[in-house]
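>>> Any chance you can model this:
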Amino acid sequence: MACTVRYLLTAVLFLVSLTANAAHLTYEIDDAGLRIQIDFDQGYSNVNTLKLDKSFVVSFETPEPIVFQQEFWDMPVEKLFVTSDDTRKRLITDFAGELVVPEIVSQPKLLKITYAFPKMQKTGDPVVGTQAYARMIWGLLIILAVMLAIFWAFRKYFKRQVFTDIPGTGRLLGKADIDLRKSLYFYEIDDKIYILGVTDTSMTLIEKVTEEDEVTRIKAGFTKKTEFVNYMKFFKKNPGVKDEVEISRNSISERLKSLRKR
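Numbers count the residues shown, from 1 in each chain. Modelled structure (predicted):
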């Protein structure tokens, strides 16, 4: 019994002696950096450093045991731990992103290692207020204006292309707008005049005028001022001065209906 107690006391004293002679590592970490301090009882020597891809190693000689391992979350440092090869100890710092070279301060029985993290660049405050809304509205207006200009140019180009591409020796005499997006076009080919009804979606042959007197009267009408009533006066056989002035949209519609019934 006495022998067992003696062995237990010896083991406890040995463990106490090891603990008393062990180096003590402490650290502090925040957004500014990682600060490490190692306190030795017997001291250390032969400090070396090694820079790897995403790790930095600080090695030193000491007979004192050091056991340490710590992982970090959402920090520039992922892990901090110590490995031992007999008296050679290595303090390894693994980084999540860019490697940082520390500042090392060696003092008797004290080793300080400081990693200063790079400052995060703050993005500028979002632009808000009336100026931002004004710029956005102006941008939309400019885009809308450009789209309308392109639409107008294409519409005008293709509308001209329809009549200029008609084969033969013909020519466009003119047109008359009878309603919104509805027009009559008068195209002469040889000794005939073709009256075409054109809308945004279709083009229809309304009438083909072949009578020589009618053709001559229509062509004569287009030699005058290109007003609406002058375009349409040929729809009456014997128009008078009063009739030319009082031509209205209703009379045009009635004349068009009669032409279709021929």
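
>>> which stretches of the stretch 1-150 of the chain have low pLDDT?
For the stretch 1-150 of the chain, applying pLDDT under 70 flags the ranges 1-20, 120-129.

>>> all strands for it, in order.
24-29, 33-39, 45-51, 55-61, 69-71, 77-85, 88-95, 103-107, 110-116 (DSSP state E, counting those that start in this stretch).

>>> Can you add distance to residue 212 and mean neighbour count and give those back as a markdown table?
From N, CA and C alone the C-beta is placed, and that goes for glycine too. What follows is the strands of the stretch 1-150 of the chain, written out as a markdown table (distance: least, C-beta to C-beta, whole Å; neighbours: other C-beta atoms under 10 Å):
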| stretch | distance to residue 212 | mean neighbour count |
| --- | --- | --- |
| strand 24-29 | 104 | 14 |
| strand 33-39 | 102 | 18 |
| strand 45-51 | 102 | 11 |
| strand 55-61 | 102 | 17 |
| strand 69-71 | 103 | 11 |
| strand 77-85 | 98 | 15 |
| strand 88-95 | 97 | 18 |
| strand 103-107 | 107 | 11 |
| strand 110-116 | 101 | 18 |
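
>>> Just tell me which of those ends up closest to residue 145.
strand 88-95 (53.1 Å; C-beta to C-beta).

>>> okay if I get the strands of the stretch 1-150 of the chain as a markdown table plus distance to residue 143?
As requested, these are exported to a markdown table (distance: least, C-beta to C-beta, whole Å):
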| stretch | distance to residue 143 |
| --- | --- |
| strand 24-29 | 51 |
| strand 33-39 | 49 |
| strand 45-51 | 53 |
| strand 55-61 | 52 |
| strand 69-71 | 52 |
| strand 77-85 | 48 |
| strand 88-95 | 47 |
| strand 103-107 | 55 |
| strand 110-116 | 48 |
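
>>> Does residue 216 belong to a helix, a strand or coil?
For residue 216, the assignment made with DSSP: H, G, I helix; E, B strand; the rest coil gives helix.

>>> one step back: quick one: closest of the strands of the stretch 1-150 of the chain to residue 175.
Among these, strand 88-95 sits nearest to residue 175 (C-beta to C-beta), with 76.8 Å.

>>> Listing partners with orientation, what would you give for the closest one?
strand 55-61 (antiparallel), strand 77-85 (antiparallel) (DSSP bridges).

>>> tilt between that strand and strand 24-29?
10 degrees (axes from the mean of the first three to the mean of the last three C-alpha atoms, to 10 degrees).

>>> out of the strands paired with strand 88-95, which comes closest to residue 33?
strand 77-85 (9.3 Å).

>>> got the contact list for that closest one?
Strand 77-85 is contacted from outside by 25, 27, 29, 34, 36, 65-72, 89-96, 115, using C-beta atoms under 8 Å, 6 or more residues apart in numbering.

>>> Strands of the stretch 151-262 of the chain, residue ranges please.
Going by DSSP E, counting those that start in this stretch, the stretch 151-262 of the chain shows strands at 171-179, 182-189, 192-198, 203-209.

>>> okay if I get these as TSV plus distance to residue 42, mean neighbour count and mean pLDDT?
Output for these, formatted as TSV (distance: least, C-beta to C-beta, whole Å; neighbours: other C-beta atoms under 10 Å; pLDDT from 0 to 100):
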stretch	distance to residue 42	mean neighbour count	mean pLDDT
strand 171-179	106	15	80
strand 182-189	105	18	86
strand 192-198	104	18	87
strand 203-209	104	14	87
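
>>> who wins for proximity to residue 154 among those?
Proximity to residue 154 (C-beta to C-beta) singles out strand 192-198 among the strands of the stretch 151-262 of the chain, at 15.8 Å.
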